[in-house]
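Visitor: 3D, please:
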Amino acid sequence: MEMQYRQMQPEEALRLYADWLLEQRINEPFPFFRCIENKRQRAEWYMITYSLRTLLLAADLLKADKYRAAVFEHMDLYVGEQLPNGGFTSTFRRQPSAGLSRKEFHEILRKGNVNLADNGSNVTALVQAAKAAPKDKRDKYLQAARLWLGEWVPLWALPEGGYGNGIWGGHKLNAPYTCAMGTLTATLAAFTLATGDSEFIENAERCMLFQCSHWLPDGRPINFDCYPLPRKTALTDYGHSFYLLEGMCWTHCASKSSEVRALIAKRLEEWFFGKAGLLSQWRDSWFNFQICSYPPDWEAPPAPLAMSRLGLRPGWELAKSNGILFAFQYYLNHINNDPRLREKVELGIKYLSHPLKARMSGVCAEPDESYGNFAVQSTGFAGLSLAEAIRPDSVFESVR
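Guide: Take a look at the predicted model:
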């Protein structure tokens, strides 16, 4: 398709990006999307599920059914790969679990990636797809999500309320992991909104009470990491920020607990406006992709709270930055319509609605371009932010 490089309204940009996503589908020999990480062919489910969520939102907001078919095609494959114990592998195995032998199943548990962080992203997309699906698929999708949340996820629940990350490379990771807690609470809350089952939002609330009790006085969350060993860092990067922000917003949306909602609102305020909060770290422009800058009088916390930004892949960081604006919009619409943040969001949506500018963060980029290997992902994250700009709460209403 011919890409138009001019300032657009969010609706026009979303349509353009959704059409571009449809063009990225391939069949070699299994259907997937054209996404190559670091020039290596590796199909991971989390690489496409935010794009699938964007296609579902585009179908709803733009009244275009054509975007749904690709979503159902891939969600059917994903559900087909669910393991007998309810787990999902992060990798697209290209083999339905119905054909697994006991030995093959055990080999996946011994060496594979059956984690919570990636599949939290994926199962949230599955819950969203359920609303848009015909009844037979809707029942199948919700049943698979319930099996995952009810049987596999509890194995990694920790006494204090947090969660580990399940299995990665055969390693059983059962120390608190903020990335997993962010994606998982989003899934738990989305499933609650979709089904009305209060058991699952209670798990999200316990998890958020744990995470929100670990915060720095300067406004930043403490990031629990488990790679290579359990440790704590200061959360200062786009990627981890996106996952935690999404989990906080979904939990705030679904929770009926005044305590939980008040604590989340308090922590979001500190995180956005604190001395070393997000608007201090990226105070010139949200889409400033240099190392985060701090106010001159900012003092670094003592070791071992190192910055989690160190060593992360820039392209993947840029992709996730495109989605953070949708969490900002939730805060503005439901917690505090602060003019400082509102200005940042309006500028960001204008940026994402200009294809040439958005291309600098990977949106609809070519695979051979800088950061183009994350183009499908970047476009998917951007779609969430554009959808919220088109119709407030469209992301959260997509599962009800």
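Visitor: and the next helix or strand past the longest helix anywhere in the chain?
Guide: Across the chain, the longest stretch assigned as helix under DSSP state H is helix 314-334. Sequence order places helix 339-352 as the next helix or strand after helix 314-334, per DSSP states H and E.
Visitor: hang on, the earlier thing: what mean pLDDT does the longest helix of the chain have?
Guide: Throughout helix 314-334, pLDDT has a mean value of 92.
Visitor: which of the residues in that helix are buried?
Guide: Buried residues in helix 314-334, defined by neighbour count with 16 or more other C-beta atoms under 10 Å: 315-332, 334. (Glycine included, C-beta is placed from N, CA and C.)
Visitor: which residue ranges of the chain form strands?
Guide: 25-27, 31-33, 114-115, 166-168, 171-173, 222-225, 231-234 (DSSP state E).
Visitor: nearest residue to residue 260 other than its sequence neighbours?
Guide: Closest residue in space to residue 260, ignoring its immediate chain neighbours: residue 205 at 4.6 Å, by C-beta to C-beta, 6 or more residues apart in numbering.
Visitor: where in the stretch 1-150 of the chain is pLDDT low?
Guide: Applying pLDDT under 70 to the stretch 1-150 of the chain picks out residues 36-42.
Visitor: repeat that with 50
Guide: Across the stretch 1-150 of the chain, the ranges flagged by pLDDT under 50 are 38-39.
Visitor: please, where are all the helices along it?
Guide: Under the criterion DSSP state H, counting those that start in this stretch, the stretch 1-150 of the chain contains helices at 10-23, 46-61, 66-80, 102-111, 117-132, 135-147.
Visitor: would TSV of these with mean neighbour count and distance to residue 172 be doable?
Guide: Output for the helices of the stretch 1-150 of the chain, formatted as TSV (neighbours: other C-beta atoms under 10 Å; distance: least, C-beta to C-beta, whole Å):
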stretch	mean neighbour count	distance to residue 172
helix 10-23	20	35
helix 46-61	25	20
helix 66-80	19	23
helix 102-111	12	9
helix 117-132	26	14
helix 135-147	17	20
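Visitor: any stretches of the stretch 201-350 of the chain with poor pLDDT?
Guide: Where the stretch 201-350 of the chain drops to pLDDT under 50, the residues are 291, 303.
Visitor: redo that, cut-off 70
Guide: Filtered on pLDDT under 70, the stretch 201-350 of the chain yields the residue ranges 283-313.
Visitor: still on that earlier bit, nearest to residue 177, out of the helices of the stretch 1-150 of the chain?
Guide: Between residue 177 and the helices of the stretch 1-150 of the chain, the shortest separation by C-beta to C-beta is 6.6 Å, and it involves helix 117-132.
Visitor: pull the distance from that closest one to the chain's centre.
Guide: 10 Å (C-alpha atoms, centre = their mean, to the nearest Å).
Visitor: relative to helix 46-61, how tilted is it?
Guide: Calculated by axes from the mean of the first three to the mean of the last three C-alpha atoms, to 10 degrees, helix 117-132 forms an angle of 20 degrees with helix 46-61.
Visitor: which strands or helices does helix 117-132 pack on?
Guide: Counting by 3 or more C-beta pairs under 8 Å, 6 or more residues apart in numbering; DSSP states H and E, the packing neighbours recorded for helix 117-132 are helix 46-61, helix 66-80, helix 135-147, helix 178-195.
Visitor: can I get that helix in PDB? Just the C-alpha atoms.
Guide: Written as PDB, here are the backbone C-alpha positions of helix 117-132 (Å, rounded to 0.1, in the frame of the first residue of the first chain):
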ATOM      1  CA  ALA A 117       4.800 -12.200  31.300                       C
ATOM      2  CA  ASP A 118       4.400 -12.800  27.600                       C
ATOM      3  CA  ASN A 119       1.200 -14.800  27.900                       C
ATOM      4  CA  GLY A 120      -0.400 -12.100  30.100                       C
ATOM      5  CA  SER A 121      -0.200  -9.900  27.000                       C
ATOM      6  CA  ASN A 122      -1.500 -12.800  24.800                       C
ATOM      7  CA  VAL A 123      -4.400 -13.900  27.000                       C
ATOM      8  CA  THR A 124      -5.600 -10.300  27.300                       C
ATOM      9  CA  ALA A 125      -5.800 -10.200  23.500                       C
ATOM     10  CA  LEU A 126      -7.700 -13.500  23.700                       C
ATOM     11  CA  VAL A 127     -10.300 -12.100  26.100                       C
ATOM     12  CA  GLN A 128     -10.700  -9.000  23.900                       C
ATOM     13  CA  ALA A 129     -11.200 -11.300  20.900                       C
ATOM     14  CA  ALA A 130     -13.900 -13.200  22.700                       C
ATOM     15  CA  LYS A 131     -16.200 -10.200  22.800                       C
ATOM     16  CA  ALA A 132     -15.900  -9.700  19.000                       C
END
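Visitor: and the angle for the longest helix of the chain with helix 339-352?
Guide: For helix 314-334 against helix 339-352, the angle by the same axes, to 10 degrees is 130 degrees.
Visitor: for helix 314-334, name the packing helices and strands.
Guide: helix 238-254, helix 258-273, helix 339-352, helix 375-390, helix 394-397.
Visitor: tell me which residues of the shortest one are tucked away?
Guide: Neighbour-count burial for helix 394-397 flags 394, 395, 396 (criterion: 16+ other C-beta under 10 Å).
Visitor: follow-up on the earlier one: could I get the helices and strands packed on helix 117-132 in JSON lines, plus columns for distance to residue 212?
Guide: As requested, the helices and strands packed on helix 117-132 are exported to JSON lines (distance: least, C-beta to C-beta, whole Å):
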{"stretch": "helix 46-61", "distance to residue 212": "24"}
{"stretch": "helix 66-80", "distance to residue 212": "31"}
{"stretch": "helix 135-147", "distance to residue 212": "25"}
{"stretch": "helix 178-195", "distance to residue 212": "10"}
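Visitor: which one of the ones you listed lies nearest to residue 14?
Guide: helix 46-61 (5.5 Å).
Visitor: for that closest one, which helices and strands make contact with it?
Guide: Against helix 46-61 (3+ C-beta pairs under 8 Å, 6+ apart) you get helix 10-23, strand 31-33, helix 66-80, helix 117-132, helix 375-390, helix 394-397.
Visitor: again, only this time at 6 Å
Guide: On a contact count with 3 or more C-beta pairs under 6 Å, 6 or more residues apart in numbering; DSSP states H and E, helix 46-61 meets helix 10-23, helix 66-80, helix 117-132, helix 375-390.
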